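K.L.:
Below: sequence and its predicted model.
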Protein chains: 2
Amino acid sequence: MNTALTTEPSTDELCCEPSGRPVLSAVDAQDKARILKALSDPNRLRLLSIVKAGDTGGSCVCDLTEPLDLGQPTVSHHLKILVDAGLLEREKRGTWAYYSLVPGALETASASLLAL
Amino acid sequence: MNTALTTEPSTDELCCEPSGRPVLSAVDAQDKARILKALSDPNRLRLLSIVKAGDTGGSCVCDLTEPLDLGQPTVSHHLKILVDAGLLEREKRGTWAYYSLVPGALETASASLLAL
């Protein structure tokens, strides 16, 4: 037996809910916020700026400590946060680690703000 | 008596500093980080998304609490941070406050990531 029942919700009674509007999901918001949190520190922004400006195969920590007037452990801490967020990539060469921008990562973060 | 002394720093001796490269200043980094910090929370991103989607003259707090499943004091706290960062503007109408995007604010934040 094939009984078709159609029930339509009475949305007319809702007063405040912006039903049907496209809204950022909780999962997408977590993902975007995680990257923006990595970007929300002035020293990390300056590190990214220096790495971006020094497009010669990666920046060594020795390039990064002096302009920021920070100790190497502090710089390494900030660099790890940027690597974990997918903004920088790290390559070990001998004693030193070299850092470069992950291609497209800043562009993706930038676009995510326009697509809220 | 007018004595002109010209002293030029000997930059040739520096080994690691990326001298002459354009690098984000400390002041600019503070300004950018302040706005990115306001954007670095998932609930605040979702609030902005809802306000952006509801382009009908501003969103009331009653539009904002239900989709996020947060209490009104928490939502008001997040809204204040977004207003203070220059991302939302607040207009009082009778009992309720209505929030709308500051024109161009998200675009400016987005562009700031590309201009590091």
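P.N.:
Here it is on my side, so go on. None of the values given here were measured: they were computed from a predicted structure.
K.L.:
alpha carbons only for contacts and neighbour counts from here, please
P.N.:
Will do.
K.L.:
The residue nearest to the spatial centre of chain A - nearest residue in space that isn't next to it in sequence?
P.N.:
Among the residues of chain A, the one closest to the centroid is A:I35, at 2.1 Å (C-alpha atoms, centre = their mean). Among residues not flanking A:I35 along the chain, A:A85 sits closest, at 5.5 Å (C-alpha to C-alpha, 6 or more residues apart in numbering or on different chains).
K.L.:
Return the residues in contact with that neighbour.
P.N.:
A:A85 makes contacts with A:R34, A:I35, A:A38, as judged by C-alpha atoms under 8 Å, 6 or more residues apart in numbering or on different chains.
K.L.:
Going by neighbour count, list what's buried in stretch A:50-70.
P.N.:
Residues of stretch A:50-70 classed as buried by neighbour count (16 or more other C-alpha atoms under 10 Å in any protein chain shown): A:50-54, A:58-65, A:67-68.
K.L.:
which of those residues lies closest to A:A115?
P.N.:
Proximity of those to A:A115 (C-alpha to C-alpha) peaks at A:K52, which lies at 24.3 Å.
K.L.:
could you measure that closest one against chain B, distance?
P.N.:
From A:K52 across to chain B, the span is 8 Å (C-alpha to the nearest C-alpha, to the nearest Å).
K.L.:
just checking, what packs against the helix or strand harbouring that residue?
P.N.:
Using DSSP states H and E, A:K52 sits in helix A:42-53. Here helix A:42-53 touches helix A:61-68, helix A:72-84, strand A:96-101, helix B:26-38, going by 3 or more C-alpha pairs under 8 Å, 6 or more residues apart in numbering or on different chains; DSSP states H and E.
K.L.:
Let me have these in a markdown table, extended by mean pLDDT.
P.N.:
Listed next are the helices and strands packed on helix A:42-53 as a markdown table, based on pLDDT from 0 to 100:
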| stretch | mean pLDDT |
| --- | --- |
| helix A:61-68 | 85 |
| helix A:72-84 | 95 |
| strand A:96-101 | 92 |
| helix B:26-38 | 96 |
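K.L.:
Ok, which of the ones you listed comes nearest A:A111?
P.N.:
Across the helices and strands packed on helix A:42-53, closest to A:A111 is helix B:26-38 (C-alpha to C-alpha), at 13.7 Å.
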